[in-house]
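J.: Take this sequence and fold it.
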Amino acid sequence: MNELPELSKSEHDVLNVLWAQGEMSVREVHDLLAADGARAYTTTKTVMDRMLQKQLLERDSFHGVFLYRAAINRPRGLARLVHNFAKRVLEVDNVSVVSLFSGSKKISKAELSELEDLLQKLDDEEGAPQ
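T.: Got it, this is the predicted structure:
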């Protein structure tokens, strides 16, 4: 997948679980996402099926159970979200928003570097000043 995806909140939630946990069934993802009971299993299944079609997830069968994993890494999943948040909400450059991640334990230095590169490419595509 070359293009950076626009992710819905539900899609981002699913990816966050899979980035943290690795390969999981729909039931396992659902159980983690719906701990408060606010989401139906069928909703999680539908979201994940759509994500499979959009090539955001990959799926293998293991003893009759489908196991899903993220088809994109965390920086690719965050790039468009961070870019849009920086430009449209905060009206600042990407660097200002990326610096907020620098102290995070959830994103590695390598992921942070890749995120910066992806954001630079988005700016270049839009003709933003450097």
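J.: ok so Leu4 is a helix residue?
T.: No: assessed with DSSP: H, G, I helix; E, B strand; the rest coil, Leu4 is coil; it does not lie in a helix.
J.: My read is that it contacts Leu119, right?
T.: No: at 9.5 Å, Leu4 does not count as touching Leu119 under the criterion of Cβ atoms under 8 Å. Just so you know, the C-beta spots here come from the backbone N, C-alpha and C atoms, and that holds for glycine as well.
J.: Now for the two: what residues contact both?
T.: Common contacts of Leu4 and Leu119 (Cβ atoms under 8 Å, 6 or more residues apart in numbering): Ala79.
J.: Tell me which of these two has more neighbours.
T.: Leu119 (24 against 20; other Cβ atoms under 10 Å).
J.: wouldn't the more buried one be in contact with Ser96 here?
T.: No: using Cβ under 8 Å, Leu119 makes no contact with Ser96, being 10.9 Å away.
J.: residue ranges of the helices in the chain, please?
T.: Counting by DSSP state H, the chain has helices at residues 9-21, 26-33, 41-53, 74-84, 94-101, 109-126.
J.: How far off centre is the last one?
T.: Computed by Cα atoms, centre = their mean, to the nearest Å, the chain-centroid distance of helix 109-126 equals 15 Å.
J.: what's the angle between it and helix 94-101?
T.: 160 degrees (axes from the mean of the first three to the mean of the last three Cα atoms, to 10 degrees).
J.: before we move on, the earlier item: who touches both of Leu119 and Ser96?
T.: Ala86.
J.: Pull stretch 60-74 out as PDB, backbone CA atoms only.
T.: Extracted as PDB, the C-alpha positions of stretch 60-74 are listed here (Å, rounded to 0.1, in the frame of the first residue of the first chain):
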ATOM      1  CA  ASP A  60      -4.600 -16.100   7.900                       C
ATOM      2  CA  SER A  61      -6.600 -19.100   8.900                       C
ATOM      3  CA  PHE A  62      -5.300 -21.200  11.900                       C
ATOM      4  CA  HIS A  63      -7.300 -24.300  12.700                       C
ATOM      5  CA  GLY A  64     -10.400 -22.800  11.300                       C
ATOM      6  CA  VAL A  65     -10.000 -19.400  13.100                       C
ATOM      7  CA  PHE A  66      -9.100 -16.300  11.200                       C
ATOM      8  CA  LEU A  67      -6.200 -14.400  12.700                       C
ATOM      9  CA  TYR A  68      -5.700 -10.800  11.800                       C
ATOM     10  CA  ARG A  69      -2.600  -8.600  11.800                       C
ATOM     11  CA  ALA A  70      -1.900  -5.000  10.900                       C
ATOM     12  CA  ALA A  71      -0.800  -4.700   7.200                       C
ATOM     13  CA  ILE A  72       0.600  -1.200   7.900                       C
ATOM     14  CA  ASN A  73       3.000  -0.100  10.700                       C
ATOM     15  CA  ARG A  74       2.300   2.400  13.300                       C
END
